[in-house]
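**Student:** model this:
(2 chains)
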Amino acid sequence: MNLNQLSHRSYIIDHVTIVDPKQNTSFVGHLVVMEGKIDAVTPGRARESSLPVYNGGGLFLAPGFVDIHVHLREPGFEYKETVATGAAAAIAGGFTSVACMPNTNPAIDDRSVVEFILSQARIAGLARVYPIAAATKGRKGEILSEYHELVEAGAVAVTDDGAPVPTAEMARRVMEYAAPLGIPFIEHCEDMSSTGEGVMHEGFYSTKLGLKGIPAFSEEACLARDLVVLKSVKGARFHAAHMSTRGSIELIRRAKQDGLPVTAETAPHYICLEDKDLETYNTNLKINPPLRGHEDRLAMIEALKDGTMDCIASDHAPHAAHEKQVEFNAAPNGSVGLETMFPLVVTHLVRPGHMTLPQALALITHRPADCLRLPGGTLSRGADADLVLFDPEEEWTVRAEDLHSRSRNSAFIGHRVFGSVKHVLVGGVNVTATRIGV
Amino acid sequence: MNHRKHLLGLEGMSAEEITRFLDTAESFKEVSERSVKKVPALRGTTVANLFFESSTRTRISFELAEKRLSADSVNFTTSGSSVQKGESLRDTAQNIEAMRVQMIVIRHSAAGAPHFLASLLNGSVINAGDGAHEHPTQGLLDMFTLRERWGSFAGKRVVIVGDLAHSRVARSNIHGLVTMGAEVIVCGPPTLIPPEIERLGVRVEVDLKQALEGADAVNVLRIQLERQQKGLFPSVDEYARVWGINRKVLKNARKECIVMHPGPMNRGIEIAQDVADGEHSVILDQVTNGVAVRMAVLYLLSGGSALENEEAPPQQTDTRVREGKQVA
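**Tutor:** Predicted coordinates:
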């Protein structure tokens, strides 16, 4: 039977190359799903069985991808994205779980907003959505949000992402208050005084383009501050969002050597693009933190290889066309990323030989899930059958009109990439077809 | 010869093309010396001057250049326009082009604004200054003024003094002068020297006296007082004392050193009164030459062919008719 007609709750997917990033293995085999849960992952073709058998057609099968840094814009900015359109983009990109950032309006600083997002996600019935709560009320950096209530409602972490927590004192209180709840504090590392009116990485290209620079130490100064604070807070967990510089990598590396409870993510654009790509003043490449220099990019690939960076997250940041079709200084920061992250990982990490496919998929499955202690990203027995089937060899061109996100501000439009998602299963249900027409 | 459509900057422009602009400007300079200062070269062409940032010299210079080429021109400034009602740059430009304007001259505070328009519009876009990026017609007129004195750039040393970080004039001068074979030294407070500027082919010198050693020309940049308020230098007094160009410090340069300033000047701050008005100064020549250079730019971008040095600019016949093109 064809996976397009998947209609059972218990079945076998046969004739697939199974990639299990957690076991770092890849083999031809078949997978048994019982009542929407993974029951067995077995090498070799399926034998005769009482269960219906679906033919995977030789595709690769992996745990559904996990993205722990997306902006779904709802509530407040539905013209950019909604939970439903964002979840559709997630499925199109092979993601079965996403964690969404609280810089909405109102911010996710109240139980009702968490419940609203979860309800919108349920109605959409596509990817699993995990809200991340605002670390401070209204993301103003003044008063702590009600973490106990927010976690009870379903929040998985706290952050003021979009902006840093303003002071060392507030960072300390956030970490202290979050610690007993077991949730991490995710920092958007940026020293606002060093960023000033900057709009791109400070260096030769900012000089040449006449654009105000954001020095690398804008990120590093804030990260260093938080790491020092973290040392003094018992039981706290710290996750550094969208790391972009060599200096940050060094700080994370040292913190891990010192045994601090630190995890860190980078984004696809920091491993695929550089400041010199801004020479056309393309506002889709205006991102915060900014695209960095050549050496930063190479160091980031190394940091992914040696584990200093735990994972890759898209920082999916939708903005409407009219907001990006302005002069560079006036454009908002961010690029959509859910639908390009997997092929970019294949194209820029696997194909050049930096790592194997299972190693690369670890960066977008169980490792990001572990950072926030989310379920998913695994083929373990008993886990929800959140699965992705893909062709790692298929080449395609990123085109704005093909994106499922409500916004098409992709930094990668026109890029040739390898790796195409064919089927996405959430809880054993094929939701690939559902996303079409959203 | 395939002609250039837009003039967005001098970066990447060949020495040959810069020379073509300067040679053409030389022919047009003569037009401004006539009693009837007009040629029909751009008759039937409409030019819009979009000034989103205030300007005296550049705006009037472009307007005069357009009028002396017989173009029809319209002027746009932000005040009193729909920009104040929130109309975007894109809509403003597309609406103006919809009125069948063929050339757009744009001055904007955002670097890359002319590139943005060039990607949207069908007509020619001329950058009249974009943020801290480029001011190519200023770069050309500065080079024109130097070439008038020197004949060639080979072996000449030009010092650019002041706020390099925020100066579009500096960037266009650097690109042009380096391409033409001059040596360029930049000098100013370390807080106003942008990172890795050396990679543009210049030498950085913080000490003004040393920078001026053997200089054939010094281009003095305007220091904006708001930089002081932003904490980039401590005081106007200290700036004038350390980086101001006065007679005394000029003694370190060559005797015949040329002093330039793109204007508007802060007399007594970056440039002393007696230097601005003294025998080294070519500041008003720059302004005169600006019109000729802009005539050359408008003419060549509209499809006009390079004029031979000796050849008089077209007077009776429309050039484009000569080239067999239809004229509206």
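**Student:** Check the burial of A:R399 by counting its neighbours.
**Tutor:** 12 (other Cβ atoms under 10 Å in any protein chain shown). Any C-beta I mention is one placed from the backbone N, CA and C, and that applies to glycine too.
**Student:** Surely it and A:I413 touch.
**Tutor:** Yes. Shown here, A:R399 and A:I413 form a contact pair, counting by Cβ atoms under 8 Å, at 6.8 Å.
**Student:** just the strands in the stretch 301-438 of chain A please.
**Tutor:** A:311-312, A:387-397, A:416-426, A:429-430 (DSSP state E, counting those that start in this stretch).
**Student:** Which residues belonging to the second one are considered buried?
**Tutor:** Right, the one you point to is strand A:387-397. Residues of strand A:387-397 classed as buried by neighbour count (16 or more other Cβ atoms under 10 Å in any protein chain shown): A:387-390, A:392.
**Student:** Is A:K22 part of a helix or strand, or is it coil?
**Tutor:** Following DSSP: H, G, I helix; E, B strand; the rest coil, the label given to A:K22 is coil.
**Student:** ditto for B:G129
**Tutor:** strand.
**Student:** cool, and the one 10 residues further on?
**Tutor:** For B:G139, the reduced secondary structure class is helix; criterion used: three-state DSSP.
**Student:** quick one: contacts for it?
**Tutor:** By Cβ atoms under 8 Å, 6 or more residues apart in numbering or on different chains, the contact set of B:G139 is B:10, B:169, B:172-173, B:175-176.
**Student:** Chain neighbours aside, what residue packs nearest to A:A153?
**Tutor:** A:V114 (4.0 Å; Cβ to Cβ, 6 or more residues apart in numbering or on different chains).
**Student:** which intervals of the stretch 301-438 of chain A have sub-threshold pLDDT?
**Tutor:** A:433-438 (pLDDT under 70).
**Student:** can you rerun that using 90?
**Tutor:** Judged by pLDDT under 90, the stretch 301-438 of chain A has its weakly predicted residues at A:432-438.
**Student:** Helices along that one, start to end?
**Tutor:** A:321-324, A:341-345, A:357-362, A:366-372, A:432-435 (DSSP state H, counting those that start in this stretch).
**Student:** How about chain B?
**Tutor:** B:15-33, B:57-68, B:89-98, B:113-120, B:136-150, B:168-179, B:208-212, B:225-229, B:236-243, B:247-250, B:273-276, B:283-301, B:319-322 (DSSP state H).
**Student:** Would you indicate which residues of the third one are buried?
**Tutor:** This means helix B:89-98. B:89-90, B:92-93, B:96-97.
**Student:** re the thing from before, got the helices of the stretch 301-438 of chain A as CSV, with mean neighbour count and distance to chain B columns?
**Tutor:** Formatted as CSV, the helices of the stretch 301-438 of chain A follow (neighbours: other Cβ atoms under 10 Å in any protein chain shown; distance: least, Cβ to the nearest Cβ, whole Å):
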stretch, mean neighbour count, distance to chain B
helix A:321-324, 14, 7
helix A:341-345, 26, 25
helix A:357-362, 23, 33
helix A:366-372, 23, 34
helix A:432-435, 18, 32
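**Student:** Can you flag the weakest of the helices of chain B by average pLDDT?
**Tutor:** Least confidently modelled of these is helix B:319-322, at a mean of 40 by mean pLDDT.
**Student:** For A:I252, which non-adjacent residue is closest in space?
**Tutor:** A:A264 is the one closest to A:I252 (Cβ to Cβ, 6+ apart), at 4.8 Å.
**Student:** what's near enough to touch that neighbour?
**Tutor:** Applying Cβ under 8 Å, 6+ apart to A:A264 gives the contacts A:239-240, A:243, A:248, A:252, A:308-310.
**Student:** same deal with B:Q273?
**Tutor:** Contacts of B:Q273 by Cβ under 8 Å, 6+ apart are B:R267.
**Student:** Go through the helix or strand hosting the residue nearest to A:A153 and flag the buried ones.
**Tutor:** Element membership of A:V114 [criterion: DSSP states H and E] is helix A:111-124. For helix A:111-124, the neighbour count (16+ other Cβ under 10 Å) marks A:111, A:113-114, A:116-118, A:120-121, A:124 as buried.
**Student:** got the CA positions of it in PDB?
**Tutor:** Taking Å, rounded to 0.1, in the frame of the first residue of the first chain, the C-alpha atoms of helix A:111-124 are listed here in PDB:
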ATOM      1  CA  ARG A 111      -1.600  30.900  31.100                       C
ATOM      2  CA  SER A 112      -4.300  32.000  28.700                       C
ATOM      3  CA  VAL A 113      -1.800  32.700  25.900                       C
ATOM      4  CA  VAL A 114      -0.200  29.300  26.400                       C
ATOM      5  CA  GLU A 115      -3.600  27.600  26.300                       C
ATOM      6  CA  PHE A 116      -4.600  29.600  23.200                       C
ATOM      7  CA  ILE A 117      -1.500  28.600  21.300                       C
ATOM      8  CA  LEU A 118      -1.900  24.900  22.300                       C
ATOM      9  CA  SER A 119      -5.600  25.100  21.200                       C
ATOM     10  CA  GLN A 120      -4.700  26.700  17.800                       C
ATOM     11  CA  ALA A 121      -2.100  23.900  17.400                       C
ATOM     12  CA  ARG A 122      -4.700  21.200  18.200                       C
ATOM     13  CA  ILE A 123      -7.100  22.700  15.700                       C
ATOM     14  CA  ALA A 124      -4.500  22.800  13.000                       C
END
